[in-house]
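Colleague: Dropping the sequence and predicted coords here.
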Amino acid sequence: MNNKLKDSLDVIWYFVAFYLIQYIMILAVGIGTGLATDKPISSTFQGATALSGEALLLMMLFSAILTILIFGRFKWSPWSRDYLRSHPWGVVFWAALLALGSILPSQWLLEQLQLEMPQNVEKLFEQVMGQPVGYIVVGILVPVAEEMCFRGAILRKLLTMFPRRQHWIAIAVSALIFGLAHTNMPQFIHATIIGLLLGWLYYRTDSILPGIVFHWMNNTVAFVMFHLMPQMNDGKLIDIFHGNNTEMLLALVFSLFIMIPAIVQLALRMKPAQKG
């Protein structure tokens, strides 16, 4: 078996493994919840949308922990302290700002495409975000688990399959795979766009740390906004600005004034750490 074929099979396996972990946890939590509440166990096979908010949160918690343990234990996503030893605090800072600056433009783009989250998914999302421990899962564990899978494992393998000058092909493919892991069109578009940025961060640093920070900031802002402005969760971006189109446009421009300098600074600062 040639190396390219083996790497391709590895990419497929990592994606399948990620989904298997989630599906097994859906079944386990669904069956456990059904036995505890007399809810029909057959509904578990309908997928995550059949779970209650509390059950979905448990599923996400166990899935993220199991993904981290498995991808780390089998070295599918190799981890070392070399990048931390390089003291990449400037990169970490600008990665967080890049995430912050990308949130409003991404939301604006989705609205221009007239894409709306399915109501059942949106309802589950609100239930998960409303849980006290929701932040631990959504803000911390999910970013680590997804970066280990989609950048540390999948993108790492894809980058070995293309010449270095064609690295953007690997990044684009990994971004599409990341988008496909999100099962509705709005999340697919958002995750694919974010996946391009996350892939670039990984390619330039050979580390998932900047991506984890970016992912953490993105999810943290979503969690904070959910609690600060709950009435806006099913509204439009312009609703945040009380219908004032000028204020919304100014906010978008301000976001670009954060996002563009962050990209420039990251392009100047990012480099792989020397192997220790």
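Modeller: Received, thanks.
Colleague: What is the host helix or strand of Ala222 packed up against?
Modeller: Per DSSP states H and E, Ala222 falls inside helix 209-228. For helix 209-228, the packing partners by 3 or more CB pairs under 8 Å, 6 or more residues apart in numbering; DSSP states H and E come out as helix 89-112, helix 119-129, helix 134-135, helix 142-147, helix 185-205. The C-beta positions use only the backbone N, C-alpha and C, and glycine is treated the same way.
Colleague: What average pLDDT does it get?
Modeller: Averaged over helix 209-228, pLDDT sits at 90.
Colleague: Next: stretch 268-276.
Modeller: Stretch 268-276 carries an average pLDDT of 82.
Colleague: May I see the buried residues of it?
Modeller: Arg269, Met270, Ala273 (16 or more other CB atoms under 10 Å).
Colleague: can you tell me which of those are in helices?
Modeller: Arg269 (DSSP state H).
Colleague: returning to that earlier point: then the helix holding Ala222 to PDB, C-alphas only?
Modeller: Written as PDB, here are the backbone C-alpha positions of helix 209-228 (Å, rounded to 0.1, in the frame of the first residue of the first chain):
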ATOM      1  CA  LEU A 209      -2.900  25.400  20.300                       C
ATOM      2  CA  PRO A 210      -3.700  28.600  18.200                       C
ATOM      3  CA  GLY A 211      -6.700  26.800  16.800                       C
ATOM      4  CA  ILE A 212      -7.900  25.800  20.300                       C
ATOM      5  CA  VAL A 213      -7.600  29.500  21.400                       C
ATOM      6  CA  PHE A 214      -9.500  30.700  18.300                       C
ATOM      7  CA  HIS A 215     -12.200  28.000  18.800                       C
ATOM      8  CA  TRP A 216     -12.500  28.800  22.500                       C
ATOM      9  CA  MET A 217     -13.000  32.500  21.800                       C
ATOM     10  CA  ASN A 218     -15.600  31.900  19.100                       C
ATOM     11  CA  ASN A 219     -17.600  29.600  21.400                       C
ATOM     12  CA  THR A 220     -17.100  31.700  24.400                       C
ATOM     13  CA  VAL A 221     -18.600  34.800  22.700                       C
ATOM     14  CA  ALA A 222     -21.600  32.700  21.600                       C
ATOM     15  CA  PHE A 223     -22.100  31.500  25.100                       C
ATOM     16  CA  VAL A 224     -21.700  35.000  26.600                       C
ATOM     17  CA  MET A 225     -24.100  36.600  24.100                       C
ATOM     18  CA  PHE A 226     -26.700  33.900  24.700                       C
ATOM     19  CA  HIS A 227     -26.800  34.800  28.400                       C
ATOM     20  CA  LEU A 228     -26.400  38.600  28.000                       C
END
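Colleague: Now do it and helix 89-112, the angle between them.
Modeller: 50 degrees (axes from the mean of the first three to the mean of the last three CA atoms, to 10 degrees).
Colleague: Tell me how far the closest residue to Ile68 other than its chain neighbours lies from Gly53.
Modeller: Excluding the flanking residues, the one nearest Ile68 by CB to CB, 6 or more residues apart in numbering is Ala145, at 5.2 Å. Going from Ala145 to Gly53 by CB to CB, to the nearest Å gives 20 Å.
Colleague: cool, and Ile258?
Modeller: For Ile258, the distance to Gly53 - CB to CB - is 33 Å.
Colleague: One more: Gln119?
Modeller: 14 Å.
Colleague: With Ala95 instead?
Modeller: 31 Å.
Colleague: So for the two, which residue has more residues nearby?
Modeller: Ala95 (29 against 17; other CB atoms under 10 Å).
Colleague: Remind me what the helix or strand hosting Phe178 packs against, helices and strands.
Modeller: Phe178 belongs to helix 167-180 when assigned by DSSP H and E. Where contact means 3+ CB pairs under 8 Å, 6+ apart, helix 167-180 is packed against helix 156-161, helix 185-205.
Colleague: I'd like the average pLDDT over that helix.
Modeller: The average pLDDT within helix 167-180 is 95.
Colleague: got JSON lines for the buried residues of stretch 268-276, with distance to Trp76 too?
Modeller: Putting the buried residues of stretch 268-276 into JSON lines (distance: CB to CB, whole Å) gives the following:
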{"residue": "Arg269", "distance to Trp76": "28"}
{"residue": "Met270", "distance to Trp76": "23"}
{"residue": "Ala273", "distance to Trp76": "20"}
